[in-house]
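1. Coordinates only, no sequence provided:
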Ligand SMILES: CC(C)(COP(=O)(O)OP(=O)(O)OC[C@H]1O[C@@H](n2cnc3c(N)ncnc32)[C@H](O)[C@@H]1OP(=O)(O)O)[C@@H](O)C(=O)NCCC(=O)NCCS
């Protein structure tokens with residue numbers, strides 16, 4: 001038996017007390033539940049429904065950050081600054097993504113990190129575990145987060161705008177993202193940055209069983 005496969009679970013148990021405390025502080029009972037479920041229930045079974053959104057990069061609506069907030073690409077020094085707003089489990093994932101060349105944009109109020117998002121020029125199963133035929137001219141823009149006290153002030157939409165700008169500067173044609181249609185705040189960040197080329201290109205229904213993801217992608221009329 002390959003005991004190495006148990007390492008993530010052992011680390012999950014080890015980091016649980018600290019992560020649970022931080023998740024409760026950041027997101028209340030929902031955060032605490034999520035920290036627990038990520039290490040237990042979600043490994044066993046989980047299902048969901050996501051919309052796949054494409055935004056053309058020559059026509060999205062640019063949203064500047066609100067006063068006092070700046071957005072910049074993460075550097076090696078940023079990971080420590082993210083520790084008050086990201087659990088150890090999340091930071092572990094961030095290090096892996098960064099090592100694979102994906103880019104994190106961080107929103108700052110002064111020297112305090114208040115949000116982040118991720119950008120990828122190329123997708124792999126580590127960040128996109130669904131069977132989507134992803135166009136080579138599209139960036140995958142994902143994992144958007146703003147701390148609770150800073151929400152509904154435009155920071156999330158500014159991060160979405162900044163990652164679309166990041167993709168445009170790389171010469172790509174579109175930015176693709178996925179949202180849960182029931183996440184109203186997330187849907188609003190699409191609406192607030194949508195230009196004429198924004199559209200729903202498909203939907204995904206997925207089931208995750210025993211750590212494996214089974215997804216069905218249904219393209220919609222474009
Ligand atoms: C989604 C998220 C990043 C948005 O960040 P934000 O800084 O609040 O974004 P913005 O202020 O630019 O816009 C959010 C919009 O949603 C609205 N909104 C915020 N929270 C809401 C809620 N709980 N219910 C309904 N609407 C909400 C805001 O009023 C705002 O709309 P408005 O400009 O018309 O007033 C933030 O809510 C978050 O981090 N949520 C938890 C993580 C998450 O769900 N990420 C998205 C995964 S795709």
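-> Sure thing, it's come through. The shown structure was predicted, so the numbers you read here are calculated from the model rather than taken from an experiment.
2. What residues does this structure have near the ligand?
-> If contacts are counted using CB under 6 Å from any ligand atom, the residues of the chain sitting beside the ligand are 144-146, 151-157, 179, 183-186, 188-189, 192. For every residue, glycine as well, the C-beta is placed using N, CA and C.
3. ok, now with 8 Å
-> When proximity is defined by CB under 8 Å from any ligand atom, the chain lies next to the ligand at 27, 63, 115, 142-148, 150-160, 177-180, 183-189, 191-192.
4. Got the phi and psi for the residue of the chain found nearest the ligand?
-> Of all residues in the chain, residue 156 sits closest to the ligand, at 2.3 Å by CB to the nearest ligand atom. Note on residue 156: its backbone torsions stand at phi -60, psi -50 [degrees, to the nearest 10].
5. Check the one 5 residues further on too.
-> Main-chain torsions, residue 161, degrees, to the nearest 10: phi -60, psi -40.
6. residue contacts, it?
-> 60-64, 193 (CB atoms under 8 Å, 6 or more residues apart in numbering).
7. Now the buried members of these.
-> When burial is judged by neighbour count using 16 or more other CB atoms under 10 Å, the buried members of the contacts of residue 161 are 60-61, 63, 193.
8. In JSON lines, list those along with pLDDT.
-> JSON lines is the format used below for the buried ones among the contacts of residue 161 (pLDDT from 0 to 100):
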{"residue": "60", "pLDDT": "96"}
{"residue": "61", "pLDDT": "96"}
{"residue": "63", "pLDDT": "98"}
{"residue": "193", "pLDDT": "97"}
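9. just checking, which of the contacts of residue 161 belong to helices?
-> Secondary structure defined by DSSP state H assigns residue 193 of those to helices.
10. can the contacts of residue 161 go into CSV with extra columns for distance to residue 137?
-> Conversion of those to CSV gives the following (distance: CB to CB, whole Å):
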residue, distance to residue 137
60, 15
61, 21
62, 20
63, 23
64, 26
193, 19
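11. Nearest to the spatial middle of this protein, which residue is it?
-> Closest to where the C-alpha atoms of the chain average out (CA atoms, centre = their mean) is residue 143, at 0.5 Å.
12. for this protein, longest helix please?
-> Criterion DSSP H: the longest helix present in the chain is helix 7-38.
13. Name the pair among the buried ones among the contacts of residue 161 with the greatest separation in space.
-> Among the buried ones among the contacts of residue 161, the pair separated by the greatest distance (CB to CB) is 60 and 63, at 9.1 Å.
14. Need the residues touching each of those two.
-> Common neighbours of residue 60 and residue 63, using CB under 8 Å, 6+ apart, are 161, 193.
15. domain parsing for the chain?
-> According to automatic domain parsing, the chain comprises the domains 1-39, 47-219.
16. Having no further points to raise, I will conclude here.
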